[in-house]
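Provided below for reference: sequence and predicted model.
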Amino acid sequence: MIKKALLLSQLKDLIENEKMLVPLLNRHISSALFFSGIDTKEQEKIKERFQAMVLTQTQHVEALLRIKEDVEGGSGDVY
C-alpha cells in the first residue's frame with residue numbers, strides 16, 4: 001500500500017524522467033551516428049527505430065499523466 005501523496009510524488013518524478021529521456025538519447029544517438037562511419041542507409045534505419053521509440057515514450061508519458069489525474073481526482077488516500 002502507498003499513500004496518495006507519495007504516489008503522486010513518484011508519478012511526478014517518473015513523468016519528468018520520461019520527458020528528459022528523449023532529448024538526452026537524441027543527443028547521444030545523433031553524436032554517435034555522426035562519428036560512427038555507418039552507411040547513410042543504416043543511419044536512417046536507426047533513426048526510424050529511434051522515432052518509433054519516441055512514439056512509444058510519448059504514449060507512456062500520456063498514460064502516466066492519466067494515472068496521475070485519476071489519483072489526484074480520487075478520494076482514496078491509499079493505493
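Yep, it's here.

now do the helices in the chain.
Ranges of helices within the chain are 4-36, 40-73, based on DSSP state H.

closest to Tyr79 out of these?
helix 4-36 (5.4 Å; C-beta to C-beta). C-beta: built from backbone N, CA, C; applies to glycine.

next, the angle from the closest one to helix 40-73.
If you take axes from the mean of the first three to the mean of the last three C-alpha atoms, to 10 degrees, helix 4-36 sits at 170 degrees to helix 40-73.

what comes up buried for helix 4-36?
Leu7, Leu8, Leu11, Ile15, Glu18, Ile29, Leu33 (16 or more other C-beta atoms under 10 Å).

what's the separation between the fifth one and His60?
Using C-beta to C-beta, to the nearest Å, one gets 6 Å for the distance from Glu18 to His60.

the first one too?
In this structure, Leu7 and His60 are 17 Å apart, going by C-beta to C-beta.

try the fourth one
With distances taken as C-beta to C-beta, Ile15 is found 9 Å from His60.

same check on the second one?
Using C-beta to C-beta, one gets 18 Å for the distance from Leu8 to His60.

repeat for the third one
Separation of Leu11 from His60 (C-beta to C-beta): 12 Å.

likewise the last one?
The spacing between Leu33 and His60, counted by C-beta to C-beta, is 24 Å.

give me the contact list for stretch 44-53.
Leu25, Asn26, Ile29, Leu33, Ile38 (C-beta atoms under 8 Å, 6 or more residues apart in numbering).

report the rounded mean pLDDT for that stretch.
Stretch 44-53 shows a mean pLDDT of 91.

perfect, that will be all.
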